[in-house]
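Novice: The following comprises the amino acid sequence and a computationally predicted model.
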Amino acid sequence: DAGVIQSPRHEVTEMGQEVTLRCKPISGHNSLFWYRQTMMRGLELLIYFNNNVPIDDSGMPEDRFSAKMPNASFSTLKIQPSEPRDSAVYFCASSLRLAGGITGELFFGEGSRLTVL
Amino acid sequence: AQSVAQPEDQVNVAEGNPLTVKCTYSVSGNPYLFWYVQYPNRGLQFLLKYITGDNLVKGSYGFEAEFNKSQTSFHLKKPSALVSDSALYFCAVRGMDSNYQLIWGAGTKLIIKP
């Protein structure tokens, strides 16, 4: 099992540029989460998909952030335009939604470390 | 408001000694409780969970956690620490009002000294 695969692992860009982060969840998982991790704010849920449909995007900071899941094996998180305060580690996690609608334990990717200069 | 507290930013333990990483929570209804571990420059890895049943839960790498409803705690324990256990540990809880939203603790850095 390859686990959750994220790319790129590291991204350094300049303020104002577009950033696209990619995620391939574990095959068979029907729930996908994007998290952001910073020292100041810890782990923040940005968006949650179930069966490729966005269910909760209340954590997306602002309109500069967007996420898509065109199929069960791929998701993107886009920041346009990027700002220095977006610098963080962005994690994708997938899970299997169980009977009764409860999501099981999360499987995280290795993360994408974003630095916006 | 629902919350999770990990009262210690850092815990230092000598190798071979028992370790405890503390977690307390506040949620509505019966909680679903989780522990995750994060090694440097890696993603979080699931360690164990409590859903219902036996209050003592056993997980990966020899870790266990005890659910205490009266004290609203879910402390992580291991009888004999290894240097390789050094990492960042996160407690998380899900309340009855959500089937996906986890409330995360701030994390506790565990340092095991040889």
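Specialist: Yes, it's here.

Novice: from here on, contacts and neighbour counts on C-alpha atoms
Specialist: OK.

Novice: what about residue 77, how many neighbours?
Specialist: With no chain named, the answer covers chain A. A:Leu77 is flanked by 19 other residues according to other C-alpha atoms under 10 Å in any protein chain shown.

Novice: sorry, should have said chain B
Specialist: 18.

Novice: Roughly how far does B:Asn68 sit from chain A?
Specialist: 21 Å (C-alpha to the nearest C-alpha, to the nearest Å).

Novice: Could you find the closest non-adjacent residue to that residue?
Specialist: B:Phe74 (6.3 Å; C-alpha to C-alpha, 6 or more residues apart in numbering or on different chains).

Novice: tally of neighbours for the one you found?
Specialist: Using other C-alpha under 10 Å: B:Phe74 sits among 28 other residues.

Novice: cool, the one 4 residues further on as well?
Specialist: As a burial measure, the neighbour count of B:Lys78 was computed by other C-alpha under 10 Å and equals 19.

Novice: From chain A, how far out is the residue nearest to B:Asn68?
Specialist: Where chain A is concerned, B:Phe74 sits at a distance of 17 Å (C-alpha to the nearest C-alpha).

Novice: Look up which helix or strand that residue falls in, please.
Specialist: Applying DSSP states H and E as the criterion places B:Phe74 in strand B:73-78.

Novice: what's that strand packed up against?
Specialist: With contacts taken as 3 or more C-alpha pairs under 8 Å, 6 or more residues apart in numbering or on different chains; DSSP states H and E, strand B:73-78 sits against strand B:19-21, strand B:24-26, strand B:64-68.

Novice: got TSV for these, with mean neighbour count and mean pLDDT too?
Specialist: Listed next are those as TSV, based on neighbours: other C-alpha atoms under 10 Å in any protein chain shown; pLDDT from 0 to 100:
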stretch	mean neighbour count	mean pLDDT
strand B:19-21	21	98
strand B:24-26	21	95
strand B:64-68	20	96
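
Novice: Let's see the pLDDT reported for the spatially most central residue of chain A.
Specialist: Centroid-nearest residue in chain A, with C-alpha atoms, centre = their mean: A:Trp34, separated by 2.7 Å. Predicted confidence (pLDDT) for A:Trp34: 98.

Novice: and it, what are its bridge partners?
Specialist: A:Ile47, A:Cys92 (DSSP bridges).

Novice: Can you name the residues that contact it?
Specialist: A:Leu45, A:Leu46, A:Ile47, A:Tyr48, A:Leu77, A:Tyr90, A:Phe91, A:Cys92, A:Ala93 (C-alpha atoms under 8 Å, 6 or more residues apart in numbering or on different chains).

Novice: Now do the strands in chain A.
Specialist: A:5-7, A:10-13, A:19-24, A:31-38, A:42-50, A:53-56, A:65-71, A:74-79, A:88-95, A:107-108, A:112-116 (DSSP state E).

Novice: Please spell out which residues along the third one are buried.
Specialist: Right, strand A:19-24. Using 16 or more other C-alpha atoms under 10 Å in any protein chain shown as the test for burial, strand A:19-24 gives A:Val19, A:Leu21, A:Arg22, A:Cys23, A:Lys24.

Novice: same deal with the longest one?
Specialist: Within strand A:42-50, the residues that qualify as buried by neighbour count (16+ other C-alpha under 10 Å) are A:Leu43, A:Glu44, A:Leu45, A:Leu46, A:Ile47, A:Tyr48, A:Phe49, A:Asn50.

Novice: swap in the fourth one?
Specialist: The neighbour-count check on strand A:31-38 (16+ other C-alpha under 10 Å) flags A:Ser31, A:Leu32, A:Phe33, A:Trp34, A:Tyr35, A:Arg36, A:Gln37 as buried.
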